[in-house]
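S.K.: Sharing a model prediction with you, sequence too.
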Amino acid sequence: THLGNKKDKRSGKALRGKTLNNQLTLLRALWSEMMDLEHCQTNPFKVIKPALEEEKNRRKFTVEESRIVAQEAQKTNYWLFRGILLQYYCYVRPVELTRLRFRDFDLAAGTVSVQVNKGKPHRRLATIPTSVMHYFRDGKFDQFPVNYHVFGIVEKGDHQFEMSPSTKPCGDDRPYQHHQKLLKRLKKEGKLKDISGLTWYSWKDTGISVHAHSTTPMATKDQAGHTDFDMTLKYYHAPKINDQYKGLPDTLIV
């Protein structure tokens, strides 16, 4: 009942079915552990049926949309653009971005160490493509103390804050807000036609959907740090037109 009435902190809407089911899975696991330790005799969450999972609203960027937004971010928001690069190429989740410190980057090797879960030691290593390493070896990115959060929060005075390297990480919502503000401006300027379904998290979907066609399935799974390929497929959006099949020769009647 509590979860059913809880609102999403970003949208203000009721939690979606997938979120509720994730919470239910965690609660079942917690109670199972308590039963094993003999702290209780029954698991009350086992009798609760999973919620119906809706189609996800989030969509990937089209090739044209991604080019327009990435180019504008590169020109106007240094740190937001590097967040896009890390999501698109390294599949770093938005919440993981806010945990990154400069010490997590090995700019010589071209890798970033990602803390997967807050408060847990588990990490994964993602490879930054050589083609975009110059954005991180530009003489600015590597000039901050290694303990600083890459996506931090800095007070500018008069209760104004900006997303910039700091000893304090920015809140999860701030990159979303910066990104949404950029999308709305581009739509108002007529550079984007439809921004529905596009979020800060869409860059991970976009990257996996694009790169899955040019890398092996195992390489994509490993880059994302997924334990199995089924998890990778959850981020994959199939194109409306399958170009590889469109170009197939007629091998049936020759």
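M.R.: Sure, I can see it.
S.K.: Tell me the secondary structure of the residue nearest to residue 41 when sequence neighbours are not counted, please.
M.R.: Residue nearest to residue 41 in three dimensions, not counting chain neighbours: residue 35, with 7.0 Å by Cβ to Cβ, 6 or more residues apart in numbering. No exception for glycine: its C-beta is placed from N, CA and C like everyone else's. Of the three states, residue 35 takes helix under DSSP: H, G, I helix; E, B strand; the rest coil.
S.K.: okay, now residue 35: neighbour count?
M.R.: 13 (other Cβ atoms under 10 Å).
S.K.: can you check residue 99 too?
M.R.: 18.
S.K.: likewise residue 170?
M.R.: Residue 170 has 23 nearby residues by other Cβ under 10 Å.
S.K.: doesn't residue 148 make contact with it?
M.R.: No - between residue 170 and residue 148 there is no contact, the gap being 11.9 Å when judged by Cβ atoms under 8 Å.
S.K.: shaky segments in the stretch 101-250 of the chain?
M.R.: Low-confidence regions of the stretch 101-250 of the chain, defined by pLDDT under 70, span residues 118-121.
S.K.: For it, just list every one of the strands.
M.R.: With DSSP state E, counting those that start in this stretch, the ranges of strands along the stretch 101-250 of the chain come out as 105-106, 111-115, 123-127, 153-157, 160-163.
S.K.: Now do the first one: which elements does it pack against?
M.R.: Counting contacts by 3 or more Cβ pairs under 8 Å, 6 or more residues apart in numbering; DSSP states H and E, the secondary-structure elements packed against strand 105-106 are strand 111-115.
S.K.: orientation of the strand it packs on relative to strand 123-127 in degrees?
M.R.: 150 degrees (axes from the mean of the first three to the mean of the last three Cα atoms, to 10 degrees).
S.K.: elements contacting strand 111-115?
M.R.: Going by 3+ Cβ pairs under 8 Å, 6+ apart, strand 111-115 lies up against helix 78-90, strand 105-106, strand 123-127.
S.K.: Please state the offset of the shortest one from the chain centre?
M.R.: So the one you mean is strand 105-106. A distance of 19 Å separates the centroid of the chain from that of strand 105-106, by Cα atoms, centre = their mean, to the nearest Å.
S.K.: contacting residues around it?
M.R.: 111-113, 136, 142 (Cβ atoms under 8 Å, 6 or more residues apart in numbering).
S.K.: just those residues now: which is nearest residue 205?
M.R.: The nearest member of the contacts of strand 105-106 to residue 205, counting by Cβ to Cβ, is residue 112 at 19.3 Å.
S.K.: Contact partners for the closest one?
M.R.: Residues counted as contacts of residue 112 (Cβ under 8 Å, 6+ apart) are 86, 90, 92, 100, 104-106, 125-126, 128.
S.K.: one step back: pick out the most distant pair among the contacts of strand 105-106.
M.R.: Taking Cβ to Cβ, no two of the contacts of strand 105-106 sit farther apart than 113 and 142, at 15.4 Å.
S.K.: how close does the most centrally placed residue in the chain get to residue 208?
M.R.: With the centre of the chain defined as its mean C-alpha position, the nearest residue by Cα atoms, centre = their mean is residue 93, 2.9 Å away. Between residue 93 and residue 208 the distance is 12 Å, computed by Cβ to Cβ, to the nearest Å.
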